[in-house]
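Engineer: Here is my input; please provide its structure:
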Amino acid sequence: MREQRAKYLVDSIDMYNLRNRNELRVAECMREILETMIYETISEKDLKDVYAYSLNQLPARYAQNGTIVLNDPVRRSAVLKVVRDAFTFVMDNPKD
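Structural biologist: Numbers count the residues shown, from 1 in each chain. Here you go, the predicted structure:
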């Protein structure tokens, strides 16, 4: 873990905890959608593809811990739509 964090050091400043705010939003939407997919199975690789594809469709929203966000330009409904579309895309285009 220390080696991984060391990759995020810039002039001895740790950038490791600087995160794209949409990462958590996408993960939450993925969990919600997965609860409705009772009869379908999806592999770990496909889930990671859905996650990455979704994040690539949304604007990056980076913030550090303690940052106050006054508004978010992307509504939750838009994130949910992007994630639904990502599931459809990944399931319709499987990679072996």
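Engineer: make it CA atoms for all contacts and neighbour counts henceforth
Structural biologist: Noted.
Engineer: Let me know the pLDDT of the most centrally placed residue in the chain.
Structural biologist: Taking Cα atoms, centre = their mean as the criterion, residue 23 is the residue nearest the geometric centre of the chain, at 3.3 Å. Looking at residue 23, its pLDDT reads 94.
Engineer: cool, residue 82 as well?
Structural biologist: Taking residue 82 on its own, its pLDDT is 98.
Engineer: ditto for the one 10 residues further on
Structural biologist: If you check residue 92, the pLDDT there is 92.
Engineer: Name the helix or strand for residue 60, please.
Structural biologist: According to DSSP states H and E, residue 60 maps onto no helix or strand at all.
Engineer: So what's the residue count around it?
Structural biologist: Using other Cα atoms under 10 Å, residue 60 has 13 neighbouring residues.
Engineer: Equivalent analysis for residue 89, please.
Structural biologist: 14.
Engineer: what separates it from residue 67, distance-wise?
Structural biologist: 34 Å (Cα to Cα, to the nearest Å).
Engineer: same thing with residue 59?
Structural biologist: Residue 59 sits 18 Å away from residue 67, taking Cα to Cα as the criterion.
Engineer: Between these two, which has more neighbouring residues?
Structural biologist: Between residue 59 and residue 67, counted using other Cα under 10 Å, the more crowded position is residue 59 (12 against 8).
Engineer: Torsion angles phi and psi at the more buried one?
Structural biologist: When read as degrees, to the nearest 10, the backbone of residue 59 gives phi -70, psi 140.
Engineer: ditto for residue 9
Structural biologist: phi -80, psi 130.
Engineer: these two touch, right, it and residue 18?
Structural biologist: No: assessed by Cα atoms under 8 Å, residue 9 is found out of contact with residue 18, at 11.5 Å.
Engineer: and residue 13, what does it touch?
Structural biologist: By Cα atoms under 8 Å, 6 or more residues apart in numbering, the contact set of residue 13 is empty.
Engineer: Distance-wise, check it relative to residue 5.
Structural biologist: Where residue 5 is concerned, residue 13 sits at a distance of 11 Å (Cα to Cα).
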